[in-house]
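Colleague: Could you look at this predicted model? Sequence included:
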Amino acid sequence: MNYGQADRWQLGVNYLMNVRLNDKIHLISGNQALTIYNSSPDTLNKIFYHLYLNAFQPGSDMDVRSRTIVDPDKRIGSRIASLNPEEVGFQKINKITQDGKALNYHIEGTIMEVKLMESILPLDSAKIEIEFEAQVPVQIRRTGRNNKEGVDYSMAQWYPKLCNYDQHGWHTPPYIAREFYGPWGDFRVNIELDKKFCVASTGYLLNSMDCNWPNDSLVQNGKTRIWQFFAPKVHDFVWAADPDYIHDIHVRKDGKKLHFYYLKNNPYAQSWKELPPIMDVALDYAQKHFGEYPYQSYSFIQGGDGGMEYPLATLITGNRPLHSLVGVCLHEWMHSWYQMLLASNESLYPWMDEGFTSYAEYLTSNYIKSKGLLPGFNPEGHAFQETLKSYIDFVKSGREEALSTHADHYSTNVAYGMASYAKGALCLLQLRYIMGEQAFDNSLLSYYYQWRFKHPDADDFFRVMEKASGLELDWFKEYWIFTTKTIDYAIERLESEGKNSKIVLARKSLLPMPIDLEIKLKNGKSIFYTIPLDLMRGHKEIFDSNWKVGRPWHWVNPFYELILDVPKDKIQTVVLDPFHQLADINPENQIYSTESE
């Protein structure tokens, strides 16, 4: 595998892991052979690993953060602090070697620092071998045993995982239940456990295709079976196990397989039966609008504590009616595009992960509803209204924090959620408004194909948008990402100007934007204007003869005058942002009616 990129070098990894689960004492024991490919220009003298399970101990960073933040995640709260020794999680390193020689290491919470015996030179590789043990904690956040729906094992963040090293150096944030970042590689994972279990996971099962296996289809070892998985070019590996999994397989026309794992006593089993054809339609839409899904399968697995994305798989709580089940499945699956395949540093850019995913989820969901597969279709002009309203309400609360805030360092969980999900999604909506729908859609596809498997950052994303649209967008990036300045435009007045009329617009807040206007005439016709911002050095694409382009609005000027070659008495209404895409915090001042004069 070639990990070197002309435009962005990156670390590469190959994992080979053999692990055994003792479900009597909830202990994993195993060995890991990790090959590291150093495509960087730097010599690596030390390496770092994530040991996520160490977070599930009283006094851990996750525990303290949860108990001291003003609005703790209810799934965590003070639960970690009350764990007894049989319930905690831990990751123990019994041995770590390089070329057979023992290495010195130091563990601080969820991070292990390892000093190499021999440095890894640029364009060279090294193999690091680890023997480890891990106790699976009771299920609290994402990973663990015996979740609230009765799934035995949800095995996320369960193995020693190499931290990522990129152009900015090592990334070693302690785990406090936020985001993830890791290098791509091939994973070969052999899991031995009691033969009563059915196992679902990332990747492809090499020695069986479903849970109703014949007795000789898996490697036998007395009372256990060994499940052999392979996952190509991924940056994480998740698995789940339960004796009562039902495993349904939906084979698409293109040969891709969708796997569905849910408990046989699930009260919403019918929802799971109705889910496969809906996800089939979702993939058709996603591949057309966001890019090709390059793997041959995807698994929807009941487990975890809500919904969490992983390569080729998601863990979701599954006791849900169909509408809710489709919603969580769509969101986690859209992460395949906006995290599993692009894999920006989630800690630094959570909005490029959760926000872009939320945008894709909404559009895909609305498409499904337009096909009559679910109720609730929103016609054009009402898209993202709920997201816009929640963003506006939160801005007015005074608790907003900038999108540039590191995921771990938001003052509140609600500020993190609003920024990452809502404002992140609105970032794309605002760009579509600025650029025009066709240019934006083409740009989003270009972004995916240019940057998948390359860990793009915010600058990479905005540069693609600029090149594809021919517009300058750095001003929007600086305002939207690095500040909490807001958009507020108003129609000040409409007045006669001889035989013509004049509209006076006002910018009442600090974030400048281009403006779209609809002038509704009393004869039932409409005239549309787009008023570009001078900082754009251009304007959105116009394909409709009913649209006109006004002179640019200079961003320093709080007022703008538009002269219309229409008498005032012919005008019924002037509407600012007629298609409801602008994230304006006071939309009530965007309509001016002559009838109210």
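Modeller: In hand now; what should we look at? Residues are numbered from 1 along each chain as shown.
Colleague: any idea how far A490 is from F559?
Modeller: For F559, the distance to A490 equals 10 Å [Cβ to Cβ, to the nearest Å]. Backbone N, C-alpha and C define where each C-beta goes, glycine included.
Colleague: The two: which is more packed in?
Modeller: A490 (19 against 10; other Cβ atoms under 10 Å).
Colleague: Where does that one sit, in terms of helix or strand?
Modeller: A490 is part of strand 489-497 when elements are defined by DSSP states H and E.
Colleague: Show the secondary-structure elements that that strand is packed against.
Modeller: Judged by 3 or more Cβ pairs under 8 Å, 6 or more residues apart in numbering; DSSP states H and E, strand 489-497 is in contact with strand 500-507, strand 571-576, strand 591-593.
Colleague: Next up, the contacts around Y159.
Modeller: Counting by Cβ atoms under 8 Å, 6 or more residues apart in numbering, Y159 touches Y15, M17, V19, G30, Q32, F132, A134, F237.
Colleague: D99 too?
Modeller: So D99 contacts M117, E118, A126, K127 (Cβ under 8 Å, 6+ apart).
Colleague: wait, doesn't the second one sit right on A126?
Modeller: Meaning E118. Yes. Assessed by Cβ atoms under 8 Å, E118 is found in contact with A126 at 7.1 Å.
Colleague: and for those two, which residues touch both?
Modeller: Q98, D99.
Colleague: Of those two, which one has the most company?
Modeller: A126 (19 against 11).
Colleague: Please name the nearest non-neighbouring residue to the more buried one.
Modeller: What sits nearest to A126 in space, not counting adjacent residues and going by Cβ to Cβ, 6 or more residues apart in numbering, is I120, at 4.7 Å.
Colleague: so that neighbour touches T43, yeah?
Modeller: Yes. Between I120 and T43 there is a contact at 7.0 Å, judged by Cβ under 8 Å.
Colleague: Between the two, point out the one with more neighbours.
Modeller: It is I120, of I120 and T43, that has more neighbours when counted by other Cβ under 10 Å, with 22 against 12.
Colleague: who does the more buried one bridge with?
Modeller: Beta-bridge partners of I120, counted by DSSP bridges, are L44.
Colleague: and what of K127?
Modeller: With DSSP bridges as the rule, K127 is bridged to T35.
Colleague: cool, and the one 4 residues further on?
Modeller: Here E131 sits in beta bridges with N31, K95, as judged by DSSP bridges.
Colleague: Tally up the residues packed near it, please.
Modeller: With other Cβ under 10 Å as criterion, E131 counts 14.
Colleague: Can you name the residues that contact it?
Modeller: Per Cβ under 8 Å, 6+ apart, neighbours of E131: G30, N31, I93, N94, K95, I96.
Colleague: domain ranges for this protein?
Modeller: 1-243, 385-482, 489-596 (automatic domain parsing).
Colleague: can those domains go into TSV with extra columns for mean pLDDT and distance to L263?
Modeller: Converted to TSV, the domains of the chain look like this (pLDDT from 0 to 100; distance: least, Cβ to Cβ, whole Å):
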stretch	mean pLDDT	distance to L263
domain 1-243	93	6
domain 385-482	97	29
domain 489-596	95	41
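Colleague: Please produce a markdown table containing those, extended by distance to M340.
Modeller: As requested, the domains of the chain are exported to a markdown table (distance: least, Cβ to Cβ, whole Å):
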| stretch | distance to M340 |
| --- | --- |
| domain 1-243 | 7 |
| domain 385-482 | 9 |
| domain 489-596 | 28 |
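Colleague: Identify whichever of those lies nearest to P267.
Modeller: domain 1-243 (9.7 Å; Cβ to Cβ).
Colleague: gap between the lengthiest helix in the chain and the chain center?
Modeller: Assignment by DSSP state H gives helix 269-290 as the longest helix of the chain. In terms of Cα atoms, centre = their mean, to the nearest Å, the centre of helix 269-290 is found 18 Å from the chain centre.
Colleague: can you start the count at 6 instead of 1 from here on
Modeller: I'll keep to 6 as the first residue from here, and by that count the last item is helix 274-295.
Colleague: So which bits of that helix are buried?
Modeller: For helix 274-295, the neighbour count (16 or more other Cβ atoms under 10 Å) marks 276-277, 280-281, 283-285, 287-288, 290-291, 294-295 as buried.
Colleague: Which secondary structure elements does that helix sit against?
Modeller: strand 250-256, strand 262-268, helix 327-340, helix 361-375, helix 442-456.
Colleague: after it, next one along is what?
Modeller: strand 302-307.
Colleague: Could you list every helix and strand in contact with that next one?
Modeller: Judged by 3+ Cβ pairs under 8 Å, 6+ apart, strand 302-307 is in contact with strand 203-206, strand 262-268, strand 318-321, helix 327-340.
Colleague: one more time with 10 Å
Modeller: Strand 302-307 is packed against strand 203-206, strand 209-210, strand 244-247, strand 250-256, strand 262-268, helix 274-295, strand 318-321, helix 327-340, with contacts defined by 3 or more Cβ pairs under 10 Å, 6 or more residues apart in numbering; DSSP states H and E.
Colleague: Determine the next helix or strand in the C-terminal direction from it.
Modeller: Counting by DSSP H and E, what follows strand 302-307 is strand 312-315.
Colleague: ok, now how distant is the residue of the chain most remote from its centre from E497?
Modeller: Centroid-distance maximum for the chain: G503 at 54.4 Å, with Cα atoms, centre = their mean. G503 sits 19 Å away from E497, going by Cβ to Cβ.
Colleague: how about the strands in the stretch 406-555 of the chain?
Modeller: Applying DSSP state E, counting those that start in this stretch to the stretch 406-555 of the chain gives strands spanning 494-502, 505-512, 520-526, 531-536, 552-554.
Colleague: Buried residues of the shortest one, list them for me.
Modeller: In this case it means strand 552-554. In strand 552-554, counting by 16+ other Cβ under 10 Å, buried: K553.
Colleague: Now stretch 264-275: average pLDDT?
Modeller: Over the span of stretch 264-275, the pLDDT mean works out to 97.
Colleague: So for that stretch, first residue to last residue, what's the gap.
Modeller: Distance across stretch 264-275, first residue to last, is 16 Å (Cα to Cα, to the nearest Å).
Colleague: related to what we said a few turns ago, which residues do F564 and A495 both contact?
Modeller: The contact sets of F564 and A495 overlap at V509, L510, A511, R512 (Cβ atoms under 10 Å, 6 or more residues apart in numbering).
Colleague: hey, what's the last one bridged with?
Modeller: Under the criterion DSSP bridges, R512 forms beta bridges with Y494.
Colleague: wait, what's in contact with it?
Modeller: Neighbours of R512 in contact, by Cβ under 10 Å, 6+ apart: 492-495, 518, 520, 558, 560-565.
Colleague: Would you confirm that L516 contacts K482?
Modeller: No. Using Cβ atoms under 10 Å, L516 is not in contact with K482, being 11.9 Å away.
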